[in-house]
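Q: How does the following fold in three dimensions:
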Amino acid sequence: AAAAAAAGRSETGSSDVDALTADREMLGAYPRSVRSAILLSVQQAAALSQDALTMIRVCACLHADNLPLVLFERQSLLRSKLAADDALSVLQTFSLVHAGSVNNCITVHRLVQQAVLSSTQHQGGVPTLLSNIMDAVFADNSDGLLPWDVRSVEDQGMARRMIPHLHRLLQILQLHEYHHKMQHLTVAVHHLSNIHHGVVGQPEIALKLLNSALPSQIEYFGAESSIIGITLILKGNAELRSGQAREAKKSYEKALAINRNVFGDMHYETAVVLENLANAHLELGDPVKARSLYEKAYEIELAVEQSEDDVCLTNHNISVASLRMGQFQRAEQLLQKVMVVYERVFDMMHINVGRCLYTLSEAVSEGGILFYARSLLAELMVNGINATDPTLLGGAGPKADINTYMATNLVPRTDPDYPQMRALTYAKQAVDMMTQLTGHNTETAFGQSVLSNCLLSIDIAQAHSIAAQASKIFVDKRPKDHIDTCFSRLVLVLARAIQSRPDDIQMLEELRADLLRLLEIEVDFFHAKHFVVGNTRISEAHVLLHFGCYAEALNAVEAALPVLSDFYGRDHQYALHANILAEMLRHRTSPLHPDGRSELLQLLQRAQASLEPKSVWVGLLHLLCGRVHPAESQARPLHLAQATAILQYHFPHFPDCSRL
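A: Purely as a prediction, here's the structure:
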């Protein structure tokens, strides 16, 4: 009977709670055959080895399949590999367990588990057994199998393998009453939620665990306990990664009040909450407030001499806030320093490294600036300045295909040091890493969104494909029309627009409907004057421009311009981009009045003072200034020569502007 019980179990798909109930019922139906045979085998094994008895009792409290044998080497259990191997040999002799030959693990039948667990409970041995398992599993002491901060590939792999065993352990803890029950339950919930959120990218499961545990924790520890502060922080982390930024902000604010009361203002635990609260403000679209909180946390960490990697993580977050504020160079400088430390303290296959890589990609690509410049330049060349001289477009006329022109004259540089290629490399590394670490979940989708944004200026078809993959993941993991879906959906809209014929009215209507829905989501989540809405308005203008809807494109730009200028500053590249686009749309068919030329020259001077000398926007402005000067003007060839030099730096096949 014992051999038959150990032979394996069918996969019914039922929950572990249902399985526990079913096992009890089945065992109760055969009290003298199965249970007696199992316990007789256990008794005989124990007579040969007390370590074998310990091993089978531990197996009874964890999941039936694939329990890592290395767990038993912990000091609180069998202390060494030799003792674990000897105990396993005894249990195999009596067919109580099956040892896997590949991944060094143990499998036991659920009926054996139930018989052993009930016997141990009858003998009063469960509290000591559970305490020993807790010490062996969780590295709140140096000997535990699972550290709190899972960094290495080996630790991440072990954390994944232990997930079903931790869920089973939670259920066993809940079923038994003993002195340390709440402490053990709290530690197990904290660790398990941390693994679901931080290692495998399943924040929804982490949130369910924490929400279920919080009421009983408050009743036992008190609402102002530091334990509740930890639970609220973990709850906020899971909410934030689940796309519930407002709820996360509330959780962090409660945790901050607790930690300030318990630890004081200048304590590391207070800094932890400040940093998490900053994360919520960043997700809610307030990078200025976020950076202020990050910098306060950084100040505390330096004051208390916190570890290098903790300080480094705060620097990473400061760089993200700087990125959202459009301070790309500062963000890149901080991120490069962060990567140096991450390479030293983390295994390079770590989720924090992946996040840093796709943030670095955004910083290097300056938020996809090259795509917008390339799109605008193509419009200028195909449907604007060059419309009256088809010979410069290889025989194409005013309705020339923009995609063809991009593929011939507007191919970006491909050398590895060019910012766009560096950004593409970082984004690809991030997506590959996140896919290996977390599978196809939102962490991977965020990286895919960044990658597709990079690809817009290089390979529009591939950008479309990857953005579609990201959108599908977000749709599967998030509520419909959630704010997290907007970035990848916007990339999809832009890619579809650029690949479409300018006279495809049906496509235009579909894209306008998509853009309207995106704007509604953003306005609802933020507000109408938020910079995210302003950036989407600029994307809307590019789509309308592609289809020749110049008046409506100008309306979109004029709605975005004050928003972007107020948030980023009037001389930031996003505001300058909007200014350039507005000037082009206002004066696309006729020469500028002298006053208009003066305004355009002032815009060029502001751009030269604020941007890099080789900025693509500076090149575009030189091109526009060359266009609006009379042919006999001495300034015209100077502007066109500058435009040629800058634009050919970005697009080596771009024609000589003096021919325009």
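Q: got the contact list for Ser322?
A: Residues in contact with Ser322 (CB atoms under 8 Å, 6 or more residues apart in numbering) are Pro287, Arg291, Arg330, Ala331, Leu334. Where C-beta positions appear, they are placed from N, C-alpha and C, glycine not excepted.
Q: and those residues, which two are the farthest apart?
A: The most widely separated members of the contacts of Ser322 are Pro287 and Leu334, with 13.8 Å between them, by CB to CB.
Q: my read: Ile369 touches Leu611, true?
A: No: look at Ile369 against Leu611 with CB atoms under 8 Å: they stay out of range, at 10.2 Å.
Q: what mean pLDDT does stretch 616-634 have?
A: Mean pLDDT, stretch 616-634: 85.
Q: Tell me which stretches of the stretch 251-400 of the chain form helices.
A: Counting by DSSP state H, counting those that start in this stretch, the stretch 251-400 of the chain has these helices, from start to end: 268-283, 287-303, 308-324, 328-345, 351-365, 369-379.
Q: and the angle for the fourth one with helix 369-379?
A: Here the directions of helix 328-345 and helix 369-379 differ by 140 degrees (axes from the mean of the first three to the mean of the last three CA atoms, to 10 degrees).
Q: go on, the fifth one?
A: In terms of direction (the same axes, to 10 degrees), helix 351-365 departs from helix 369-379 by 30 degrees.
Q: and what of the third one?
A: Note on geometry: by the same axes, to 10 degrees, helix 308-324 and helix 369-379 are set 20 degrees apart in direction.
Q: that older thread, next, format the helices of the stretch 251-400 of the chain as CSV and append mean pLDDT and distance to Val189.
A: Formatted as CSV, the helices of the stretch 251-400 of the chain follow (pLDDT from 0 to 100; distance: least, CB to CB, whole Å):
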stretch, mean pLDDT, distance to Val189
helix 268-283, 94, 18
helix 287-303, 95, 25
helix 308-324, 90, 23
helix 328-345, 90, 27
helix 351-365, 91, 21
helix 369-379, 85, 45
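Q: Quick one: closest of those helices to His629.
A: helix 369-379 (18.9 Å).
Q: Point to the residue nearest the middle of this protein.
A: Glu443 (3.6 Å; CA atoms, centre = their mean).
Q: distance of that one from Gln506?
A: Using CB to CB, to the nearest Å, Glu443 is found at 36 Å from Gln506.
Q: Could you do Ala303 as well?
A: Distance, Ala303 to Gln506, using CB to CB: 62 Å.
Q: Please identify which of these two sits among more neighbours.
A: Neighbour count, other CB atoms under 10 Å: between Ala303 and Gln506, Ala303 has more, with 12 against 8.
Q: What is the neighbour count of the spatially closest residue to that one that is not a sequence neighbour?
A: Of all residues not flanking Ala303 in the chain, Met266 sits nearest, at 5.9 Å (CB to CB, 6 or more residues apart in numbering). Met266 is flanked by 12 other residues according to other CB under 10 Å.
Q: Got phi/psi on Ser49?
A: Main-chain dihedrals, Ser49, degrees, to the nearest 10: phi -160, psi 120.
Q: go on, Pro68?
A: Dihedral pair for Pro68: phi -60, psi 130, per degrees, to the nearest 10.
Q: and it, how many neighbours?
A: If we define neighbours as other CB under 10 Å, then Pro68 has 19 of them.
Q: quick one: it from Phe446, how far?
A: For Pro68 relative to Phe446 (CB to CB), the value is 31 Å.
Q: What of His267?
A: Distance from His267 to Phe446, counting by CB to CB: 32 Å.
Q: which one of these two has more residues nearby?
A: Phe446 (23 against 15).
Q: wait, the more buried one sits on Tyr358?
A: Yes: shown here, Phe446 and Tyr358 form a contact pair, counting by CB under 8 Å, at 6.6 Å.
Q: okay, and the common contacts of these two?
A: Met434.
Q: just checking, what packs against whichever strand or helix holds Ala513?
A: Here Ala513, judged by DSSP states H and E, is contained in helix 505-525. The contact analysis (3 or more CB pairs under 8 Å, 6 or more residues apart in numbering; DSSP states H and E) places helix 505-525 against helix 486-499, helix 531-546.
Q: And the helix or strand harbouring the residue nearest to the centre of the chain, what's buried?
A: Secondary structure from DSSP H and E places Glu443 in helix 442-455. Neighbour counts over helix 442-455 (16 or more other CB atoms under 10 Å) mark 442-455 as buried.
Q: Name the next helix or strand downstream of that helix, please.
A: Helices and strands here follow DSSP H and E; after helix 442-455, the next one along the chain is helix 460-477.
Q: in that following helix, what's buried?
A: Those would be 460, 463-464, 466-471, 473-475, 477, for helix 460-477 by 16+ other CB under 10 Å.
Q: Closest one to Ile195 out of those, please.
A: Nearest to Ile195 among the buried residues of helix 460-477 is Lys477, at 17.9 Å by CB to CB.
Q: Now for that closest one: which residues touch it?
A: By CB under 8 Å, 6+ apart, the contact set of Lys477 is Glu204, Asn441, Thr442, Ala445.
Q: Now the last one. Nearest residue, chain neighbours left out?
A: Residue nearest to Ala445 in three dimensions, not counting chain neighbours: Ile473, with 3.9 Å by CB to CB, 6+ apart.
Q: before we move on, what about the third one?
A: Setting aside the residues directly before and after it, Thr442 is nearest to Lys477 in space (CB to CB, 6+ apart), at 5.2 Å.
Q: So what touches the longest helix seen in the chain?
A: The longest helix of the chain (DSSP state H) is helix 153-175. Applying CB under 8 Å, 6+ apart, the external contacts of helix 153-175 come out as 16-17, 20, 61-63, 65-68, 70, 103, 105, 117, 130, 133, 137, 145-147, 150, 181, 184-185, 188-189, 191-192, 195-196, 199-200, 347, 349-350, 437.
Q: need the contact list for Leu437.
A: Per CB under 8 Å, 6+ apart, neighbours of Leu437: Gln156, Val199, Gly201, Met349, His350, Ile351, Gly354, Glu443.
Q: Likewise for Gly198?
A: Counted by CB under 8 Å, 6+ apart, Gly198 has contacts Val150, Asn237, Ile351.
Q: Quick check: the gap between Ala331 and Tyr574.
A: With the distance defined as CB to CB, Ala331 ends up 14 Å from Tyr574.
Q: Could you do Ser131 as well?
A: In terms of CB to CB, Ser131 sits 58 Å off from Tyr574.
Q: With neighbour numbers in mind, choose between those two.
A: Neighbours per residue (other CB under 10 Å) separate Ser131 from Tyr574, with Tyr574 holding more: 25 against 16.
Q: so how many other residues sit close to Ala528?
A: Ala528: 12 neighbours (other CB under 10 Å).
Q: That one sits in which helix or strand?
A: For Ala528, there is no host helix or strand (DSSP H and E).
Q: rewinding a little: will you turn the helices of the stretch 251-400 of the chain into JSON lines that also has distance to Gln642?
A: Shown next, in JSON lines, are the helices of the stretch 251-400 of the chain (distance: least, CB to CB, whole Å):
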{"stretch": "helix 268-283", "distance to Gln642": "38"}
{"stretch": "helix 287-303", "distance to Gln642": "34"}
{"stretch": "helix 308-324", "distance to Gln642": "29"}
{"stretch": "helix 328-345", "distance to Gln642": "22"}
{"stretch": "helix 351-365", "distance to Gln642": "24"}
{"stretch": "helix 369-379", "distance to Gln642": "15"}
